[in-house]
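S.K.: 3D model of this:
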Amino acid sequence: MSNQGSTQLNACKTELKNIIVGLEDIENHVRADYKNIGNIQCADSIRSVINKYQSALNTLNSVDASVLDRLKEAAEEAARAAARAAAARAAAQQASSAKTVNKGKERR
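M.R.: This next block holds a predicted model:
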């Protein structure tokens with residue numbers, strides 16, 4: 001079984017964690033380094049974004065990564081089966097067309 005889905009999910013979670021850490025650092029600097037220029041409102045807005053990203057991370061953490069891999073494998077198998085069926089239909093249609101042409105030649 002491929003673990004590409006698991007790898008991609010983990011990469012997304014790591015990136016999101018890094019973004020959250022960066023935003024928390026910015027929030028802390030805004031709260032500490034700027035005074036009386038709306039720093040509280042700005043920091044609160046940053047915190048609101050952090051909370052949304054944290055919620056997204058919690059959702060990603062609840063995903064069973066092995067399901068992603070199984071879904072990918074199932075989709076690939078379905079695509080292969082569809083391609084085989086399309087090829088079989090095309091071959092059958094071509095054979096039917098060839099029979100029609102041959103019947104026409106025999107009648108002459």
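S.K.: what's around residue 47, how many residues?
M.R.: 15 (other CB atoms under 10 Å). Backbone N, C-alpha and C define where each C-beta goes, glycine included.
S.K.: Repeat that for residue 43.
M.R.: Neighbours of residue 43 (other CB under 10 Å): 18.
S.K.: separation between it and residue 52?
M.R.: Note on residue 43: its distance to residue 52, by CB to CB, to the nearest Å, is 15 Å.
S.K.: Same question for residue 18.
M.R.: Relative to residue 52, and taking CB to CB, residue 18 is found at 16 Å.
S.K.: Residue 45 too?
M.R.: The gap separating residue 45 from residue 52 is 11 Å, by CB to CB.
S.K.: who's more crowded, the two?
M.R.: Neighbours were counted for residue 45 and for residue 52 using other CB under 10 Å; residue 45 has more, 13 against 10.
S.K.: ok, now how distant is the more buried one from residue 23?
M.R.: From residue 45 to residue 23 the distance is 11 Å (CB to CB).
S.K.: Check residue 94 too.
M.R.: 60 Å.
S.K.: of those two, who's got more company?
M.R.: When residue 94 and residue 23 are compared for neighbours, residue 23 comes out ahead with 16 against 10, by other CB under 10 Å.
S.K.: What residues does that one make contact with?
M.R.: 46, 49, 50, 53 (CB atoms under 8 Å, 6 or more residues apart in numbering).
S.K.: Just the buried ones from those?
M.R.: 46, 50 (16 or more other CB atoms under 10 Å).
S.K.: Check the contacts of residue 23 and tell me the two furthest apart.
M.R.: Distance extremes for these: the farthest pair is 46 and 53 at 10.6 Å, using CB to CB.
S.K.: Was I right to think residue 5 contacts residue 68?
M.R.: Yes: with contacts defined as CB atoms under 8 Å, residue 5 counts as touching residue 68 at a distance of 3.0 Å.
S.K.: Helix or strand next in line after the strand or helix carrying residue 45, which one?
M.R.: In the assignment (DSSP states H and E), residue 45 maps to helix 39-61. Later in the chain than helix 39-61, the nearest helix or strand by DSSP H and E is helix 65-107.
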